[in-house]
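Asks: structure for this input, please:
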Amino acid sequence: MESIPASYWTDQFKAVGGNAALDFANTLSERHGDRPVERIRTYSDLVAASKQIGVLTEAQARLLMASGHDAPESAEEVRGQAVALRELLYAVFSAVADGREPSPSDLNRFNKALSEVLVHLRVDRTSEGAFAWAWDELSGALDRMLWPLLRAAATLLVSDQIGRVQACAADDCGWLFLDMSRNRSRRWCDMADCGNRAKARRFKERHAD
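Replies: Prediction:
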């Protein structure tokens, strides 16, 4: 496989959600704006974003890049599955952020997807001899990055952090994040982005003629 610049793994996507499932739900930028920005345009984008989110190691990502290149039709099918999963995760967690109940149909779809990936979960030994969760290392599994994403989503849903899921207050954003501030006062997905734009807009409004 040809050499991939190190910047490719870090320049595609900003992870600010505090949880892999939320970060993956955020791979559609400016979701509520006039022109949403799709970050998962290709299978390579899916692999790169998954590496940045932390559900793939660089070695796994490089292997999947090569496997996707060798099976482009299958890789594109997985990309479509990943986008559908992203929209499902967004529907579930945005409902939570709004104080609403996720729809029964969305939860049914989530549980079906979860049951299909948990067959790949096992208990293994670490190099120190401890027991730990691990995933099957199937070289041909182009959807391997979706397994830990679904588990991260399920773990968050049943955790005591679920009440900290919030949506960015920017009108055009909609990104999700865990508000871990002491008084739960975080409003923006990223103060350097949406937060600063909101500050600039308020300044302009205050000083308008």
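Asks: from here on, just use CA atoms for contacts and neighbour counts.
Replies: Noted.
Asks: any idea of the mean pLDDT for stretch 95-105?
Replies: Averaging pLDDT along stretch 95-105 yields 97.
Asks: distance from the chain centre to that stretch, please.
Replies: 18 Å (Cα atoms, centre = their mean, to the nearest Å).
Asks: list the buried residues of that stretch.
Replies: Ala95, Val96, Ala97 (16 or more other Cα atoms under 10 Å).
Asks: wasn't Cys194 part of a helix?
Replies: Yes. Using DSSP: H, G, I helix; E, B strand; the rest coil, the assignment for Cys194 is a helix.
Asks: burial check on it, number of neighbours?
Replies: Using other Cα atoms under 10 Å, Cys194 is surrounded by 19 other residues.
Asks: likewise for Thr126?
Replies: Thr126: 11 neighbours (other Cα under 10 Å).
Asks: for stretch 88-95, list the C-alpha coordinates in CSV.
Replies: Below are the C-alpha coordinates for stretch 88-95, written out as CSV (Å, rounded to 0.1, in the frame of the first residue of the first chain):
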residue,chain,number,x,y,z
LEU,A,88,-29.5,6.3,13.9
LEU,A,89,-27.1,7.3,16.7
TYR,A,90,-27.8,10.9,16.1
ALA,A,91,-31.5,10.3,16.3
VAL,A,92,-31.2,8.5,19.6
PHE,A,93,-28.8,10.8,21.3
SER,A,94,-30.3,14.0,20.0
ALA,A,95,-33.6,12.9,21.5
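Asks: pLDDT (mean, whole number) over stretch 67-77?
Replies: 96.
Asks: hey, C-alpha coordinates of it in CSV?
Replies: Taking C-alpha atoms only, stretch 67-77 is exported to CSV below (Å, rounded to 0.1, in the frame of the first residue of the first chain):
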residue,chain,number,x,y,z
SER,A,67,-8.7,-4.1,2.1
GLY,A,68,-11.2,-1.4,1.0
HIS,A,69,-9.0,-0.6,-2.0
ASP,A,70,-9.1,-4.2,-3.0
ALA,A,71,-12.9,-4.6,-2.6
PRO,A,72,-14.3,-1.2,-3.5
GLU,A,73,-17.9,-2.3,-3.9
SER,A,74,-18.0,-4.0,-0.5
ALA,A,75,-16.2,-1.0,1.0
GLU,A,76,-18.9,1.4,-0.4
GLU,A,77,-21.6,-0.8,1.0
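Asks: mind listing residues that contact that stretch?
Replies: Contacts with stretch 67-77, where a contact means Cα atoms under 8 Å, 6 or more residues apart in numbering, come from Thr42, Tyr43, Ser44, Gly140, Leu142.
Asks: restrict the residues you listed to the buried ones and give me that as a PyMOL selection.
Replies: Selection command for PyMOL covering only the buried members of the contacts of stretch 67-77, criterion 16+ other Cα under 10 Å:
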select buried, resi 42+43+44+142
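Asks: farthest pair in the contacts of stretch 67-77?
Replies: Thr42 and Gly140 (18.0 Å; Cα to Cα).
Asks: hey, which helix is longest across this structure?
Replies: helix 72-97 (DSSP state H).
Asks: identify each buried residue in that helix, please.
Replies: Buried residues in helix 72-97 (16+ other Cα under 10 Å): 74-76, 78-80, 82-83, 85-97.
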